[in-house]
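Colleague: Output the structure for:
(chains A and B)
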Amino acid sequence: MTEPVVTRFAPSPTGFLHIGGARTALFNWLYARHTGGKMLLRIEDTDRERSTTAAINAIIDGLTWLGLTWDGEPVFQFSRAGRHREVAEQLLAAGKAYRCYASAEELTAMREAARREGRSKLYDGRWRDRDPSEAPPGVKPVIRLKAPLTGETVIEDQVQGRVTWQNSDLDDLVLLRSDGNPTYMLAVVVDDHDMDVTHVIRGDDHFTNAARQKQIYDALGWNVPRFAHIPLIHGPDGSKLSKRHGALGVDAYRAMGYLPEAMRNYLVRLGWAHGDQEIFTTEEMIAAFDLPAIGRSPARFDFAKLESLNGHYIRQTADIDLVAALEGLLPHIAGGDQLATRMTPALRAKLIAAMPGLKERAKTLIELFETSRFVWTDRPIEIDEKALALLTPQAKASIGALLPELQALSDWTAPAVEMVVRGFAERSGAKLGAVAQPLRAALTGRTTSPPIFDVLAVLGRDESLARLADQTVTS
RNA sequence: GCUCCCUUCGUCUAGCGGUCUAGGACGCGGCCCUCUCAAGGCUGAAACACGGGUUCGAUUCCCGUAGGGAGCGCCA
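Modeller: Now for the predicted structure:
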């Protein structure tokens, strides 16, 4: 009889949900799903100065977009301050904690001395056994944990393995601040315990915290959850992720035209692998995911691979869903209103018809937006420079000669149009490319597009003929 | 400085003592396909940081060195 797994994602709402946080959330979600357990969401908003509701919304939006759902209502850590205080008092009463009246100046002096002497233990425990009657008047004390002086603290980490700290290197951490508010160290322990969290999966920037938290668990006599500290994500140059690289909010990735399923697939392969498999459906991911398979070295963020994956998922998405995704993105991108304001059921149908040709060629929804422009732009269409170069006098003459044959066509489908154009090319002794490229330029205003016969079919008879006619008028 | 962690192609990674002339993917080069661009197929270049051990045998285990990272608050 094993206990049900409970994981949690515990962001602090001081900014957007960045890529590292998104992956942490993904891993927590995957592990919970894999084991049939739950993932809880806890907002660590005890830093009243920096926590904002805008950040809370950004985090929730980001998780929702990524499709990472949590169980139950989010827990707001600050609302539990009373409980945290109570636990600190309990520790105090049990003699496992003590009041410390050291001033900020004393603390600074201790830190400097420790550093100078090459010691890692910063606080010297001067109030540990001192009689409370010696307390200086008017000073509000903090409550510190009476941490073990000797022996070692061991963490059996699911990712990092067994890691040991000498207790002599760890000092008495503050549990309750002088203003009566809990520290992060106390709050996490109490909340994880009260929320019945069995697995703490978080970035390994929290790794050294785990040792100190273990000491709090031990003092309380509580069971220690399983820890899994996952390596951090670095920028392409191996340095810390900055805004220039990938430390953007997940909303930025959405605006760049990435699909949530592509993000998930990219993120899950950062630090985790399942043999040689690169592409995972959500179900496959859940089935295969496991903590010990997570690597221990940090990964670099690589846009090229994300793009490649995104292209794969775009190609795989049903045409109708892709158009829906594109429409959903319109409000978030520059120029998106150009298409949004034109959208009608008829245009939507046209776009869906164009998708098979377009999605083969797009790495992001932004590209899809750009390459679909020929479908929804109005005549006379804008012709870019390279396309203009294709429309030589001879090319225009060729279009002019082909036009009547197309006009005579009653069955306006890609195969029918193809027969006409191929026949025309053969009879005029030209290669297909020599007639196709000018057509492409005239119909799409670009030198690249989906197969030209598909373009003709998607545009429809009237629009196609009109665009071609536009180019045969010599100016 | 101290504590802890990490180190396989440019990047993400497989590898858990012999199967390694080190595999896959992205990216890059070439070829094929082809109306353009893609996609797809085939193909090429590309890595076990270094030095010691342990072992009959190390990419795999141990110890150093170098490099990188995280933490070291009455922040989270």
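Colleague: ok, residue A:357 - contacts?
Modeller: Neighbour list for residue A:357: A:449-451, A:454-455, A:458 [criterion: C-beta atoms under 8 Å, 6 or more residues apart in numbering]. For every residue, glycine as well, the C-beta is placed using N, CA and C.
Colleague: Nearest to residue A:129, out of those: which one, please.
Modeller: Closest approach between the contacts of residue A:357 and residue A:129, by C-beta to C-beta: residue A:450, at 79.6 Å.
Colleague: Would you mind giving the secondary structure of the closest one?
Modeller: What DSSP: H, G, I helix; E, B strand; the rest coil gives for residue A:450 is coil.
Colleague: after the helix or strand bottoming out on mean pLDDT in chain A comes which helix or strand?
Modeller: Sorting the helices and strands of chain A by mean pLDDT, DSSP states H and E puts helix A:104-116 at the bottom, at a mean of 86. Counting by DSSP states H and E, the next helix or strand C-terminal to helix A:104-116 is strand A:142-145.
Colleague: what number of residues lie near the residue of the stretch 251-400 of chain A found nearest RNA strand B?
Modeller: Residue nearest to RNA strand B within the stretch 251-400 of chain A (C-beta to the nearest atom of the strand): residue A:297, separated by 2.7 Å. Residues lying near residue A:297 (other C-beta atoms under 10 Å) number 7.
Colleague: The stretch 1-150 of chain A against RNA strand B: which residues are in contact?
Modeller: For the stretch 1-150 of chain A, the contact set with RNA strand B under C-beta under 7 Å from any atom of the strand comprises A:12, A:44-47, A:50, A:77, A:102-104, A:107, A:111, A:115, A:118-120, A:122-123, A:142.
Colleague: Name only those of the residues you listed that count as buried.
Modeller: Neighbour-count burial (16 or more other C-beta atoms under 10 Å) is assigned, among those, to A:12, A:44-46, A:77, A:102, A:107, A:122-123, A:142.
Colleague: biggest separation within those residues, which pair?
Modeller: Between any two of those (C-beta to C-beta), the greatest distance is 28.0 Å, for A:45 and A:102.
Colleague: Could you pull up the residues touching residue A:153?
Modeller: A:164-165, A:167, A:170, A:211, A:214-215.
Colleague: Please apply the same query to residue A:405.
Modeller: Per C-beta under 8 Å, 6+ apart, neighbours of residue A:405: A:420, A:423-424.
Colleague: So it versus residue A:5, what's the distance?
Modeller: 68 Å (C-beta to C-beta, to the nearest Å).
Colleague: Touching, residue A:154 and residue A:161? I think so.
Modeller: No - counting by C-beta atoms under 8 Å, residue A:161 is not a contact partner of residue A:154; they are 10.8 Å apart.
Colleague: Quick check, pLDDT for the residue nearest to residue A:365 when sequence neighbours are not counted.
Modeller: Once flanking residues are discounted, residue A:365 sits nearest to residue A:257: 3.5 Å by C-beta to C-beta, 6 or more residues apart in numbering. Reading off the confidence values, residue A:257 has pLDDT 96.
Colleague: could you check the distance from residue A:436 over to residue A:449?
Modeller: 10 Å.
Colleague: quick one: which of the two has more around it?
Modeller: More crowded of residue A:436 and residue A:449, by other C-beta under 10 Å: residue A:449, with 21 against 18.
Colleague: Pull the contacting residues for that one.
Modeller: Applying C-beta under 8 Å, 6+ apart, the residues contacting residue A:449 are A:357, A:371, A:374, A:440, A:443, A:455.
Colleague: try 10 Å
Modeller: A:354, A:357-358, A:361, A:371, A:374, A:387, A:439-441, A:443, A:455 (C-beta atoms under 10 Å, 6 or more residues apart in numbering).
Colleague: Do I have it right that residue A:305 meets residue A:263?
Modeller: No - using C-beta atoms under 10 Å, residue A:305 makes no contact with residue A:263, being 11.8 Å away.
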